[in-house]
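In: only the shape, not the letters, is given here:
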C-alpha cells in the first residue's frame, strides 16, 4: 500500500487493524482515522511536501535559537540568510 500508492486499500487495512487483538495496532488505526483525508491523500497522490517540511523545520530551529534573546527583526534576518 505504501510503496505502490494504493490508498484505496486503506479502509480495509484500518478495519482489519481495529479487529485485531493488538492494542497498539488498534490505537494506530484510530490515529489514522483522526486525519483520514490527509493519510489517504498521502497514500494516493504523487505529490510530496518534503521541501515545505524542510523549510518549516529550519524556521523552527531558528526560532528556538533566538527564543527570548532577540526580536522579530533578527529572526527575519537569520531566516532570510539561511534559506
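Out: Looks like it came in fine. Note that this is a predicted model, so its numbers are computed, not measured.

In: looking at the chain, which helix or strand is least sure?
Out: helix 72-82 (a mean of 76; mean pLDDT, DSSP states H and E).

In: and that one, how far from the chain's centre?
Out: Helix 72-82 sits 25 Å away from the centroid of its parent chain (C-alpha atoms, centre = their mean, to the nearest Å).

In: what packs against that helix?
Out: Counting contacts by 3 or more C-beta pairs under 8 Å, 6 or more residues apart in numbering; DSSP states H and E, helix 72-82 packs against helix 50-66. Every C-beta, even on glycine, is put in place using the N, C-alpha and C of the backbone.

In: against which helices or strands is the helix it packs on packed?
Out: When contacts are defined as 3+ C-beta pairs under 8 Å, 6+ apart, helix 50-66 sits against helix 72-82.

In: could you count how many residues lie near residue 48?
Out: The tally of other residues near residue 48 (other C-beta atoms under 10 Å) stands at 9.

In: tell me which helix or strand it sits in.
Out: Counting by DSSP states H and E, no helix or strand carries residue 48.

In: returning to what we had before: next, the buried residues of the least confident helix or strand of the chain.
Out: 75, 78 (16 or more other C-beta atoms under 10 Å).

In: what angle do that helix and helix 50-66 make?
Out: Orientation note: helix 72-82 sits at an angle of 140 degrees relative to helix 50-66 (axes from the mean of the first three to the mean of the last three C-alpha atoms, to 10 degrees).

In: and the contacts of helix 72-82?
Out: The contact list for helix 72-82 (C-beta atoms under 8 Å, 6 or more residues apart in numbering) reads 58-59, 62-63, 65-66.

In: confidence score at residue 70?
Out: On pLDDT, residue 70 comes in at 67.

In: let's number from 24 now, not from 1
Out: Noted, 24 is the first residue going forward, which turns the last one into residue 93.
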